[in-house]
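Student: sequence-free structure coming up:
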């Protein structure tokens, strides 16, 4: 991303306009009537919730907040973005009621999160599955580019620096590639998108990406900026640019995105079905009410799109503010319901599998 670019924050409050990533607005409120959003699963409670974190789920959260507040006039739900790392930190500090994070709590983050909850552990509730698009700006190229995990690893670690590199040409036979320098864009803030993209490269291109998965972008070089919107802006405005971003930011900014390589050696289009093919082999590895997932990067389905993330809502299993608990449970319960999950597909996300929806809903109902 472009350095010194203003950080993008997402504020969703009781009144205002729908946040759209394409608008480039730093602070937008959402309280207008919901747009074709089913609300039959909404159980109203009054009060105020504050949350922060993942920018990947900001567009989904905007629609959810609109729907809930449109039906429940006494509810005020404010979701600030800022990135997964910041959201986790704010949750640990007790300044938000729940946090959105594109990675489950790590072993180093868990103790402080548990301490904040006092009487029970902090848990991870998967809520917004989605795909990470590899957006690019290569003037003169009208075909959708193929980029293997190995090629992406070399691009984002600075080993490939020009778009006419033989490795890119080998991925794209018959495509005329310009002699144009590559400018990579990555998150400068702690980001679940960075964690999941680096996890994909670390698993599927180990020889070319000798870095561990990390919420702080682990490879050298490139331009860093704060928030997914900054990556989209950087790629959009920079000939030769390439960056990783949640799908809705690519589509809203009209940025082309690549087919990526998977374990079956196929270049796979980013489609809902192909993301589901990959997520179908994810396993719950959390204990008790914790529903943290583990992705199977050895998935050999030829139609599995492997560059994915799941945004979790991080919340206290017990120890929540008693005055806010009814609203917390009813709002998160709506998110996990079929009515809450169904619109995700129209927003560039993927609804949770039905069995996982049931587990998340039951866990939300047990919060104390």
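Tutor: That came through, no problem. Keep in mind it's a predicted model, so treat the numbers as computed, not measured. Numbering: from 1, shown residues only.
Student: list the buried ones in the lengthiest strand in the chain?
Tutor: Secondary structure assigned by DSSP state E gives strand 122-136 as the longest strand of the chain. For strand 122-136, a neighbour-count test (16 or more other Cβ atoms under 10 Å) marks 122-136 as buried. Just so you know, the C-beta spots here come from the backbone N, C-alpha and C atoms, and that holds for glycine as well.
Student: just stretch 214-229 next, same as before
Tutor: Result for stretch 214-229 [16+ other Cβ under 10 Å]: buried residues 214-215, 217-219, 222-229.
Student: List phi and psi for residue 271.
Tutor: phi -130, psi 160 (degrees, to the nearest 10).
Student: which residues touch it?
Tutor: Going by Cβ atoms under 8 Å, 6 or more residues apart in numbering, residue 271 touches residue 305.
Student: ok, now with 10 Å
Tutor: 131, 277, 303, 305, 350 (Cβ atoms under 10 Å, 6 or more residues apart in numbering).
Student: Sitting in helices, which of these do you find?
Tutor: Using DSSP state H, the subset of the contacts of residue 271 located in helices is residue 277.
Student: Need the pLDDT of residue 139.
Tutor: In this model, residue 139 is scored at 97, pLDDT.
Student: Please tell me how far it sits from residue 260.
Tutor: Per Cβ to Cβ, to the nearest Å, residue 139 is found 21 Å from residue 260.
Student: More neighbours: those two, which one.
Tutor: Taking other Cβ atoms under 10 Å, residue 139 and residue 260 do not tie; residue 260 has more neighbours (28 against 9).
Student: how about the more buried one, phi and psi?
Tutor: When quoted as degrees, to the nearest 10, the phi and psi of residue 260 stand at phi -110, psi 160.
Student: count of neighbours near the closest residue to it other than its chain neighbours?
Tutor: Leaving aside its chain neighbours, residue 260 sits nearest to residue 307 (5.3 Å; criterion: Cβ to Cβ, 6 or more residues apart in numbering). Using other Cβ under 10 Å, residue 307 has 26 neighbouring residues.
Student: Do I have it right that residue 307 meets residue 205?
Tutor: No - applying Cβ atoms under 10 Å as the test, residue 307 and residue 205 come out as separate, 11.5 Å apart.
Student: what residues do the two have in common as contacts?
Tutor: 149, 152, 261.
Student: which ones are touching the first one?
Tutor: The reference is to residue 149. 200-206, 208-209, 260-263, 297, 306-307.
Student: List just the nearest of the buried residues of stretch 214-229 to residue 192.
Tutor: Nearest to residue 192 out of the buried residues of stretch 214-229 is residue 215 (Cβ to Cβ; 6.4 Å).
Student: Show the contacting residues for the closest one.
Tutor: 83-85, 88, 101-103, 106, 109, 187, 189-196, 198.
Student: out of these, which are buried?
Tutor: 83-85, 88, 101-103, 109, 187, 189-196, 198.
Student: Narrow the residues you listed to those in strands?
Tutor: 101, 187.
Student: Among the buried ones among the contacts of residue 215, name the ones in helices.
Tutor: Among the buried ones among the contacts of residue 215, the ones falling in helices (DSSP H) are 84-85, 88, 192-196, 198.
Student: and the two most separated of those?
Tutor: Among those, 88 and 198 lie farthest apart (Cβ to Cβ), at 17.0 Å.
Student: quick revisit: for the residue nearest to residue 260, give me its contacts.
Tutor: Neighbouring residues of residue 307 by Cβ under 10 Å, 6+ apart: 131-134, 147, 149, 152, 196-197, 199-201, 204, 244, 258, 260-262, 268, 270, 275, 278.
Student: try 7 Å
Tutor: Listed by Cβ atoms under 7 Å, 6 or more residues apart in numbering, the contact partners of residue 307 are 131-132, 197, 200, 260.
Student: Same question for residue 316.
Tutor: Under the criterion of Cβ under 7 Å, 6+ apart, the neighbours of residue 316 are 117, 120, 122.
Student: Quick check: chain neighbours aside, which residue is closest to it?
Tutor: Spatial nearest neighbour of residue 316, excluding adjacent residues (Cβ to Cβ, 6+ apart): residue 117 at 3.6 Å.
Student: what about that neighbour, how many neighbours?
Tutor: The local packing of residue 117 (other Cβ under 10 Å) involves 19 other residues.
Student: could we number from 3 for the rest of this?
Tutor: All right, first residue 3 from here; so that's residue 119.
Student: Isn't it up against residue 323?
Tutor: No - contact criterion Cβ atoms under 7 Å: residue 119 and residue 323 do not qualify, at 10.9 Å.
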